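Asker: What shape does this take:
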Amino acid sequence: MVKSEARPRADWQRNHERLVAAAAALVARDGAQVSLEEVAREAGVGSATLHRHFASRHALLEEVFQDSLERLRRRAGELAGGDARTGLVTWLEELTVAAADTRGLAASLGAGETCHTIIRDATTDLVNRARTAAAVRPEVSPDDLLTLVTAVSLATEGDAATARRLLGLALVGVLP
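Answerer: A predicted model of the protein is given here:
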């Protein structure tokens, strides 16, 4: 007898989707520190249900930002195929603008979980390529650049033009 993969119950799946949708709307309005009680209330479930679906705030935010992170990951792969300096600079600009424009994303990037890992891996690949091409100062680390991007994004949340300008000023000290 062949066992089929267990599918979540319909009510579990429905509650999960409602929690993610409610969280996405509230994070867009209030940022990453949105009240989890409010998320549960908006989704029409109790807080215990929210905690059965998501072990932590970070787990919930990771699911909210899953599509954005996947787009960013794919974009980093595209940029790795071209000029190393241009690829790194374009990546940092696009990441900064995405984090500034997507309320709560910048806070999630520094959380040290999946969001951070995906973005750090992509940044590391691009920094390594830029180092090989002598297109970035040798002492600059991927973590330095992610700290810079996170700081600029948090400081300019909702203002992509200012985020881009501040990043450009900072990159003067990063590039040779």
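
Asker: Just the helices from the chain, written as ranges.
Answerer: Assigned by DSSP state H, the chain shows helices spanning 10-30, 36-43, 47-53, 57-64, 66-79, 84-101, 105-109, 114-132, 142-155, 160-171.

Asker: Put together TSV for the ones you listed, with mean pLDDT on each row.
Answerer: Shown next, in TSV, are those (pLDDT from 0 to 100):
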stretch	mean pLDDT
helix 10-30	92
helix 36-43	96
helix 47-53	94
helix 57-64	88
helix 66-79	92
helix 84-101	94
helix 105-109	80
helix 114-132	91
helix 142-155	93
helix 160-171	94
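
Asker: Would you mind giving the domain segments of this protein?
Answerer: 10-58, 66-171 (automatic domain parsing).

Asker: hmm, back to that, I'd like the helices of the chain as a markdown table, with mean neighbour count appended.
Answerer: Just so you know, the C-beta spots here come from the backbone N, C-alpha and C atoms, and that holds for glycine as well. Output for the helices of the chain, formatted as a markdown table (neighbours: other Cβ atoms under 10 Å):
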| stretch | mean neighbour count |
| --- | --- |
| helix 10-30 | 16 |
| helix 36-43 | 18 |
| helix 47-53 | 15 |
| helix 57-64 | 20 |
| helix 66-79 | 15 |
| helix 84-101 | 22 |
| helix 105-109 | 25 |
| helix 114-132 | 19 |
| helix 142-155 | 19 |
| helix 160-171 | 16 |
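
Asker: just checking, V97 touches R164?
Answerer: Yes - distance between V97 and R164: 6.0 Å, which falls inside the contact criterion (Cβ atoms under 8 Å).

Asker: quick one, what contacts L26?
Answerer: Listed by Cβ atoms under 8 Å, 6 or more residues apart in numbering, the contact partners of L26 are 34-35, 38-39, 42.

Asker: now with 10 Å?
Answerer: Listed by Cβ atoms under 10 Å, 6 or more residues apart in numbering, the contact partners of L26 are 34-36, 38-39, 41-43, 64, 103-104.

Asker: what's the distance between the nearest residue to L126 once chain neighbours are set aside and A99?
Answerer: In space, and not counting its chain neighbours, L126 is closest to L88: 4.7 Å by Cβ to Cβ, 6 or more residues apart in numbering. Distance of L88 to A99, computed by Cβ to Cβ, to the nearest Å: 16 Å.
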